[in-house]
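In: Need a 3D model of the sequence below.
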Amino acid sequence: MLSRLLKLPRRRYEPAFGLGTAHLLALLAACGGKEFTANGGASAGSAAGGSAGDTSQAGESSSAEGGSSGAPGGGRGGAAGSAGKAATGCDCSPGEYCQDGTGKCPKCADFSRLQFAAAQKLTALAQSPQSIERFPRYAGTGSALFYVSGAPDAARILYAAAPSSGVGIPISTAARIESGPLLAPGFKEQNLFFDRQQTGHRKLMMAVWADSALSKEALVPEPINAAGFDDYSVAISPNTGHVYWMSTRNGQAELLWQPTSMSAPPPPAVLPLKVKAGKGDCARGGEDATPWVSAEGTLLLFRNPSVNESCEPNDSGATDLFAVPLASDGTPQVAATPLASLNITGGMSSESDASLSPDFCTLYFASDSGTGDFDLYRAQRN
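Out: As a prediction, this is how the structure comes out:
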């Protein structure tokens with residue numbers, strides 16, 4: 001029988017969350033925002049990681065790391081995000097971005113339009129010119145980031161308090177193969193989730209991240225982890241209790257989800273996720289979707305192999321970034337659309353591991369620019 005990992009607010013949800021340990025974890029303030037819709041409209045709702053326009057947690061767009069809200073990052077010709085444009089002619093407030101060519105300052109919490117300026121490379125976080133860096137994720141304060149560095153058989157999670165100042169420090173002491181860090185803001189304990197290679201399989205872990213230190217590590221219990229299979233790359237919407245992660249329990253790598261905010265949650269199921277390709281829709285594919293979901297569960301970011309209109313692999317298996325609005329039950333409303341201003345068409349460039357800052361004004365991601373050597377980038381809303 002599952003014990004609870006989270007305790008959802010009684011005023012909005014049934015007080016049960018069938019995921020984890022004996023600790024009852026209280027949820028802090030809810031977030032604000034608007035729901036991203038494929039047709040360009042917005043419906044009332046909330047988004048990820050902090051209050052809409054709230055700069056108390058200083059996301060990249062309100063810090064020295066990201067510049068002022070709506071300010072363009074420097075371009076990098078021929079690399080990831082080269083389709084992005086610099087926004088001009090705006091004087092936007094924190095939590096807003098300068099919409100390219102209009103002089104308007106939409107709220108970053110409004111997901112009805114997801115366009116980005118040219119991406120900036122986070123050069124200081126590279127261990128060496130040939131090192132592989134992935135999974136940039138907000139780390140709780142200021143411009144701090146978690147990220148993964150190292151080859152697939154030697155990858156570790158690092159913490160960078162000031163990403164512009166130099167390489168981060170490993171957050172675990174022993175040499176372990178780790179990936180997919182996710183800080184779930186608002187939890188009192190077990191607030192950091194990631195996956196770790198052990199006993200021949202990748203398994204999801206949870207731990208306490210506090211005072212720049214990791215403690216109380218534990219396996220996420222069944223049914224999120226399944227004995228004898230790989231479970232990895234977790235995304236959690238704490239305000240709804242929806243959990244998304246990759247698993248091989250059905251014989252192939254699939255993106256699973258479970259709505260856990262009820263006393264008797266249903267078993268994990270394959271997320272019915274499709275991506276737009278030309279005028280048609282294609283089923284999600286690939287070994288790892290690297291999902292990220294907003295705290296209010298309204299927006300899912302993920303990667304998917306580039307495909308043509310016949311749903312056949314395109315660009316030698318390179319991956320692109322996609323976004324999809326989620327219904328209140330946690331499932332996709334429509335087929336996901338590509339983040340065209342960040343994806344590179346041709347050149348075998350893979351874009352991966354997207355996530356948004358708490359104020360929603362900055363997107364972090366990884367790209368290999370067709371070389372297989374992933375670097376980290378950030379891009380401002382535009």
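In: can we go C-alpha only for contacts and neighbour counts from here?
Out: Will do.
In: could you dump the helix or strand harbouring residue 232 to PDB, C-alpha only?
Out: Secondary structure assignment for residue 232, by DSSP states H and E: strand 231-237. Coordinates of each C-alpha in strand 231-237 appear next as PDB, following Å, rounded to 0.1, in the frame of the first residue of the first chain:
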ATOM      1  CA  ASP A 231      12.200   4.300 -14.800                       C
ATOM      2  CA  TYR A 232      13.700   7.700 -15.400                       C
ATOM      3  CA  SER A 233      13.300  11.400 -16.500                       C
ATOM      4  CA  VAL A 234      10.500  12.400 -14.100                       C
ATOM      5  CA  ALA A 235       8.300  15.500 -14.300                       C
ATOM      6  CA  ILE A 236       5.900  16.400 -11.500                       C
ATOM      7  CA  SER A 237       3.000  18.900 -11.300                       C
END
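In: Next SSE downstream of it?
Out: Counting by DSSP H and E, the element after strand 231-237 in chain order, helix or strand, is strand 242-247.
In: relative to strand 231-237, how tilted is that following strand?
Out: Angle, strand 242-247 to strand 231-237, by axes from the mean of the first three to the mean of the last three CA atoms, to 10 degrees: 170 degrees.
In: Quick one: list the elements packing against strand 242-247.
Out: strand 231-237, strand 254-259 (3 or more CA pairs under 8 Å, 6 or more residues apart in numbering; DSSP states H and E).
In: Same list (the ones you listed) but as a markdown table, adding mean neighbour count.
Out: Conversion of the helices and strands packed on strand 242-247 to a markdown table gives the following (neighbours: other CA atoms under 10 Å):
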| stretch | mean neighbour count |
| --- | --- |
| strand 231-237 | 27 |
| strand 254-259 | 24 |
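In: Put together JSON lines for the ones you listed, with mean pLDDT and distance to residue 192 on each row.
Out: As requested, these are exported to JSON lines (pLDDT from 0 to 100; distance: least, CA to CA, whole Å):
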{"stretch": "strand 231-237", "mean pLDDT": "96", "distance to residue 192": "11"}
{"stretch": "strand 254-259", "mean pLDDT": "96", "distance to residue 192": "18"}
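In: Just tell me which of those ends up closest to residue 363.
Out: When the helices and strands packed on strand 242-247 are compared for distance to residue 363 using CA to CA, the nearest one is strand 231-237, at 15.9 Å.
In: What is the closest one packed up against?
Out: Counting by 3+ CA pairs under 8 Å, 6+ apart, strand 231-237 packs on strand 178-183, strand 192-198, strand 201-210, strand 242-247, strand 292-293.
In: helix or strand right after the last one?
Out: Pointing back at strand 292-293 there. strand 299-305.
In: Sheet partners, orientation included, of that following strand?
Out: strand 292-293 (antiparallel), strand 319-325 (antiparallel) (DSSP bridges).
In: and among these, the most buried is which?
Out: The highest mean neighbour count among the strands paired with strand 299-305, using mean count of other CA atoms under 10 Å, belongs to strand 292-293: a mean of 30.
In: and that one, what's its mean pLDDT?
Out: Taken as a whole, strand 292-293 has a mean pLDDT of 97.
In: can you list contacts of it?
Out: Defining contact as CA atoms under 8 Å, 6 or more residues apart in numbering, one finds that strand 292-293 is touched by 48, 234, 235, 236, 237, 299, 300, 301, 302, 353, 354, 355.
In: repeat that for 6 Å
Out: Here strand 292-293 makes contact (CA atoms under 6 Å, 6 or more residues apart in numbering) with 235, 299, 300, 301, 355.
In: Reformat those as TSV; add distance to residue 250.
Out: Converted to TSV, the contacts of strand 292-293 look like this (distance: CA to CA, whole Å):
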residue	distance to residue 250
235	19
299	26
300	23
301	23
355	27
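In: Grab the two from those that are most spread out in space.
Out: 235 and 299 (11.3 Å).
In: re the thing from before, could I get the helices and strands packed on strand 231-237 in a markdown table, plus columns for distance to residue 379?
Out: As requested, the helices and strands packed on strand 231-237 are exported to a markdown table (distance: least, CA to CA, whole Å):
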| stretch | distance to residue 379 |
| --- | --- |
| strand 178-183 | 19 |
| strand 192-198 | 24 |
| strand 201-210 | 26 |
| strand 242-247 | 24 |
| strand 292-293 | 16 |
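In: Which of the ones you listed sits closest to residue 222?
Out: Closest approach to residue 222 among these (CA to CA): strand 201-210, 10.2 Å.
In: next structured bit after that closest one?
Out: With elements assigned by DSSP H and E, the helix or strand that comes after strand 201-210 is strand 213-219.
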